[in-house]
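Participant: take a look and give me a structure for this.
(one chain, ligands or ions: 1)
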Amino acid sequence: MKRVLVVGAGIQGLVTAAREHLSNNQVFILEKRKRIGGRGTSEDSFGHQLEHGPHLLLKGGELHTMVKKVSKVKPSLRPIRPHKVHIVGHGMLQPLNNPKKMLAFKLGQDPVREQAIRLVSGWGQDIPERRKALLKGRLCVVGEGWSGLVGRLASTLEEVGVPIQTGMKITEQYDGGVITSKGLKIEADIVRMCDGKPVGDPVKVSTLDVILDNKPLKDLHGIIKGDVAILNLAAIHSRKAPGMSHFSCIALSGGVEAIEQLLDERVSGWRSHIITKRQNDSITLTDSRGHLSDGVI
Ligand SMILES: Cc1cc2nc3c(=O)[nH]c(=O)nc-3n(C[C@H](O)[C@H](O)[C@H](O)COP(=O)(O)OP(=O)(O)OC[C@H]3O[C@@H](n4cnc5c(N)ncnc54)[C@H](O)[C@@H]3O)c2cc1C
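Facilitator: Residues are numbered from 1 along each chain as shown. Reported below is the predicted structural model:
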């Protein structure tokens with residue numbers, strides 16, 4: 001049995017800790033913030049769970065597999081259906097009823113659809129396994145939200161006696177341990193750095209998440225125009241705002257204004273039906289493949 005110190009209680013840290021525990025190591029986690037989950041969080045607003053932009057879980061990926069392994073009840077997942085996502089002026093994301101368009105798409109001769117797929121599956125980044133998963137119905141909305149997944153991992157770790165110490169910032173790593181910002185030396189046989197350091201080039205995007213008290217898009221899963229996407233989580237997963245709309249939107253350029261423009265264009269009167277909303281003008285995203293093998297972005 002080795003003493004393993006995990007630095008960071010984001011998704012990667014929690015999955016790593018669970019993996020190390022399952023390998024019979026003695027694990028402990030140190031987290032610099034007061035709360036756990038890192039960027040993998042959702043917030044409660046007027047009884048609705050809002051995230052920043054559409055968070056889609058890769059079914060069968062590392063995070064999903066670990067959550068399933070440690071939970072008694074399976075997480076509730078519903079896939080986004082590409083044949084229910086409309087690309088403005090171009091048809092459905094997966095044109096099932098149009099063999100000619102399907103063929104062009106399969107032969108890689110449809111750059112508009114390719115771009116739309118990259119937007120939904122990897123927020124503009126090309127992540128082959130997530131792109132494939134979207135087309136195969138394995139990119140899913142999580143009923144309990146991202147924070148629900150974090151909660152499941154954290155409560156299992158607590159149950160099996162893996163301590164998570166918050167408010168502890170690691171400033172230095174040495175052979176055989178780490179040093180905290182308060183100068184405390186903590187020894188460990190193995191240190192796993194899960195501090196969310198970017199791997200690829202960062203990209204800035206904007207998001208808007210909004211709950212409406214009506215269903216103007218009916219059962220449509222989403223609308224895409226250029227590099228702006230509106231996903232309707234309520235149409236994808238029945239647990240999200242039943243009887244209402246839960247739009248989770250992202251714009252790779254043009255800011256929140258570009259999202260609002262598309263909403264004005266396609267969802268007339270949406271502003272007068274808002275129950276709650278959250279927007280973020282500039283979120284930095286980095287490709288984190290290599291950290292978690294399911295290509296979380
Ligand atoms: C808006 C947005 C939308 C996203 N959508 C999706 C999606 O749809 N699907 C998907 O798979 N992924 C998505 N992601 C990405 C996913 O949320 C992240 O890839 C994932 O949360 C990263 O986890 P992590 O543990 O590597 O890093 P982080 O979440 O950044 O966690 C790192 C943790 O380490 C702590 N830490 C850092 N430095 C120290 C230190 N020196 N000492 C102690 N603790 C430290 C931090 O406080 C933090 O808690 C999205 C991310 C964002 C921001």
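
Participant: just the residues contacting the helix or strand harbouring Glu257, thanks.
Facilitator: Glu257 is part of helix 255-266 when elements are defined by DSSP states H and E. The contact list for helix 255-266 (CB atoms under 8 Å, 6 or more residues apart in numbering) reads 88, 206-208, 217, 223, 225, 228, 230, 247, 249-251, 254, 270, 279-281. To be clear about C-beta, it is placed using only N, CA and C from the backbone, and glycine gets the same treatment.

Participant: buried stuff in stretch 17-25?
Facilitator: Ala17, Ala18, Arg19, Glu20, His21, Asn25 (16 or more other CB atoms under 10 Å).

Participant: would you check which pair of those lies furthest apart?
Facilitator: When those are compared pair by pair using CB to CB, the farthest-apart members prove to be Ala18 and Asn25, with a separation of 11.1 Å.

Participant: how about Lys74, what does it touch?
Facilitator: The neighbours of Lys74, taking CB under 8 Å, 6+ apart as the test, are Lys68.

Participant: what does it show for phi and psi?
Facilitator: Backbone dihedrals for Lys74, given as degrees, to the nearest 10, come out at phi -70, psi 140.

Participant: and if you look at Gln115?
Facilitator: Its backbone dihedrals place Gln115 at phi -60, psi -40, with angles given as degrees, to the nearest 10.

Participant: all helices for the stretch 151-297 of the chain, in order.
Facilitator: Ranges of helices within the stretch 151-297 of the chain are 233-236, 255-266, based on DSSP state H, counting those that start in this stretch.

Participant: how about the stretch 101-250 of the chain: which residue is closest to the ligand?
Facilitator: Nearest residue of the stretch 101-250 of the chain to the ligand, counting by CB to the nearest ligand atom: Gly196, 2.4 Å away.

Participant: any idea how many residues pack against that residue?
Facilitator: Burial measure for Gly196: 16 neighbouring residues, criterion other CB atoms under 10 Å.

Participant: residues in contact with it?
Facilitator: Residues touching Gly196, when contacts are defined by CB under 8 Å, 6+ apart, comprise Gly8, Gly10, Gln12, Gly38, Arg39, Ser288.

Participant: near the ligand, which residues of the stretch 51-200 of the chain are found?
Facilitator: Remark: the part of the stretch 51-200 of the chain in contact with the ligand comprises His52, Gly53, Pro54, His55, Leu56, Lys169, Ile170, Cys194, Asp195, Gly196, using CB under 6 Å from any ligand atom.

Participant: which ones among those residues lie within strands?
Facilitator: In strands, defined here by DSSP state E, the members of these are Ile170.

Participant: now the residues of the stretch 51-200 of the chain next to the ligand: which count as buried?
Facilitator: The neighbour count (16+ other CB under 10 Å) marks His52, Gly53, Pro54, His55, Leu56, Ile170, Cys194, Asp195, Gly196 as buried among those.

Participant: thanks a lot, see you next time.
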